[in-house]
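Asks: build me a structure from this.
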Amino acid sequence: MLPALPDGEERELESSEEGGGAGEERRPERHGSTYHGLYGYRSGRSSQQGAGSGDGSRGSAAAETPSGEDFSLSLLDTNLPAEAETELRSFIAKRLTKGALFEGMGNVASVGLSIPECKVGCYYCRFQQENLLEMATLESDGGAPEYVVCLLGGSEKGLELFRLELDKYIQGLKISLGLQEKNLETCVNPYLRSWFENAVCPIQRVVQLFQEKLAFLLHAALSYTPVEVKNADERTEKDISRFLAAAGLQGLVQEGTMTSLCIAMTEEQHKSVIIDCSGPQPQLHNAGSNKFCEDWMHAFVNGAEGGNPFLFRQILENFKLKAIQDINNLKRFIRQAEMNHYALFKCYMFLKNCGSGDILLKIVKVEHAGMPEARNVVTVLEEFMRETEMA
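Replies: Below you'll find the model as predicted:
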């Protein structure tokens, strides 16, 4: 069994360990159930003409927001049925009217549409092409063209887990749009159609590729050990890089600690973990693992039976949450051990039994480098752990 988590975090893990399919998030997400919509957005006086002429499959009347609004939404591209697209545009128009759609800030909501799924998660973002920002001051109407993009699939809860990935994906959309919309069919449409595959599925693909060897990848991510990928195609290399970034503790611990830990791990090992993808199964060299990572690897492998990419991300978030909890517990024990020898023994037993003592000790050593009393406690714990390994 995996270590206990706070209330509200155990449901997903229990389903992943048992390989069951009872939970709502447990249903497989199919690529055919993902949609997108791209709109040109104009506000003020420029709204009378709109920002585009549609995707060629709909008339201009069907591609405009209702008159009377102080803005215009012009359909540029979508794979939604006509009725569902109209409903989506109405949803976005309401958000714009309420002033709840700020430039460059992605949002996630649940939207009911006339599609087989009825209700889906919707990531939506208003953005402006970066190369047009300087041109905005030169426009006689006081505004440069902007866009609203909608990515739909899964549930609101599921998409919320991938908000950062989707924000980055929209940055790529800005590049695909280019200076004009002439490349809509050749670049923008394929980019939008593959959003789910490229932004949501990388973690799932990595789990399926590494299987039991995933424990080594989890260990490298937690310990900030450098990783070098060889003989892999571009997508696989990007998938591994995204997995390592998602499994790391960036943003959850002090930035200075992570920087120091990266330097310490590089200096200590002098070797990167090598992942050779030349064969059907990746081969890893110079890789380490521990019981903590092996336990969580089983949660991922068991979850693979359901084929739900959102479940994998939830497991990954729970994995990081438990790591942070263990770090905080160890830091609390160390503070107590500065004045209490029994607490020092509690520190040792915690490190011995938590399954990730090797990583935790390195992290707290970096964090307490400038604290003499705490550093002394860490030094004693290092000696205890070395003696345990040699026994």
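Asks: can we go C-alpha only for contacts and neighbour counts from here?
Replies: OK.
Asks: make sure Gly121 is indeed in a helix.
Replies: No - assessed with DSSP: H, G, I helix; E, B strand; the rest coil, Gly121 is strand; it does not lie in a helix.
Asks: beta-bridge partners for it, please?
Replies: Counting by DSSP bridges, Gly121 forms beta bridges with Ser110.
Asks: start at 57, not 1
Replies: With the count now opening at 57, the last piece we talked about shows up as Gly177.
Asks: now do the same contact list for it.
Replies: By CA atoms under 8 Å, 6 or more residues apart in numbering, the residues touching Gly177 are Val164, Ala165, Ser166, Val167, Leu208, Gly209, Gly210, Ser211, Glu212, Lys213, Gly214, Leu215.
Asks: now the helix or strand where Arg298 lies: buried residues?
Replies: Using DSSP states H and E, the element containing Arg298 is helix 290-303. Neighbour-count burial for helix 290-303, counted by 16 or more other CA atoms under 10 Å, picks out Thr292, Glu293, Asp295, Ile296, Ser297, Arg298, Phe299, Leu300, Ala302, Ala303.
Asks: tabulate those (CSV), appending distance to Pro282.
Replies: Converted to CSV, the buried residues of helix 290-303 look like this (distance: CA to CA, whole Å):
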residue, distance to Pro282
Thr292, 17
Glu293, 14
Asp295, 16
Ile296, 12
Ser297, 11
Arg298, 14
Phe299, 14
Leu300, 10
Ala302, 15
Ala303, 14
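Asks: for Cys318, give me the pLDDT.
Replies: The model reports Cys318 with a pLDDT of 58.
Asks: on that earlier part again, which two from the contacts of Gly177 end up farthest apart in space?
Replies: Largest separation among these by CA to CA: Val167 and Gly214, giving 13.4 Å.
Asks: who has more neighbours, those two?
Replies: Using other CA atoms under 10 Å as the criterion, Val167 and Gly214 rank with Gly214 on top: 22 against 18.
Asks: ok, the more buried one to Val176 distance?
Replies: Between Gly214 and Val176 the computed distance is 10 Å (CA to CA, to the nearest Å).
Asks: hmm, His275 is touching Ser345, no?
Replies: Yes - look at His275 against Ser345 with CA atoms under 8 Å: they come within range, at 5.4 Å.
Asks: so which of the two has more stuff around it?
Replies: His275 (24 against 20).
Asks: tell me the secondary structure at the more buried one.
Replies: helix.
Asks: go on, Leu129?
Replies: strand.
Asks: next one: the one 10 residues further on
Replies: With three-state DSSP as the basis, the three-state label of Glu139 is helix.
Asks: which residues touch it?
Replies: Ser170.
Asks: just the buried members of the contacts of Gly177?
Replies: Neighbour counting by 16+ other CA under 10 Å classes Val164, Ser166, Val167, Leu208, Gly209, Gly210, Ser211, Glu212, Gly214, Leu215 among the contacts of Gly177 as buried.
Asks: thinking again about what came up before, for the buried residues of helix 290-303, which one is nearest Leu129?
Replies: Using CA to CA, the buried residues of helix 290-303 come closest to Leu129 at Arg298, 33.6 Å.
Asks: setting aside sequence neighbours, what's the nearest residue to that closest one?
Replies: Leaving aside its chain neighbours, Arg298 sits nearest to Pro258 (7.1 Å; criterion: CA to CA, 6 or more residues apart in numbering).
Asks: quick check: mean pLDDT of stretch 335-350?
Replies: The model assigns stretch 335-350 a mean pLDDT of 94.
Asks: can I get that stretch as CSV, trimmed to CA atoms?
Replies: Only the C-alpha atoms of stretch 335-350 are listed here, as CSV (Å, rounded to 0.1, in the frame of the first residue of the first chain):
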residue,chain,number,x,y,z
GLY,A,335,15.5,-0.7,-28.6
PRO,A,336,11.9,-1.6,-28.1
GLN,A,337,12.3,-0.9,-24.4
PRO,A,338,14.4,2.0,-23.0
GLN,A,339,17.7,1.0,-21.3
LEU,A,340,18.8,3.1,-18.3
HIS,A,341,22.4,3.6,-17.1
ASN,A,342,23.7,5.3,-13.9
ALA,A,343,20.1,5.3,-12.7
GLY,A,344,19.0,5.0,-9.0
SER,A,345,15.8,4.2,-7.3
ASN,A,346,14.3,3.6,-3.8
LYS,A,347,11.3,2.0,-2.2
PHE,A,348,9.2,5.2,-2.4
CYS,A,349,9.6,5.5,-6.1
GLU,A,350,9.0,1.8,-6.6
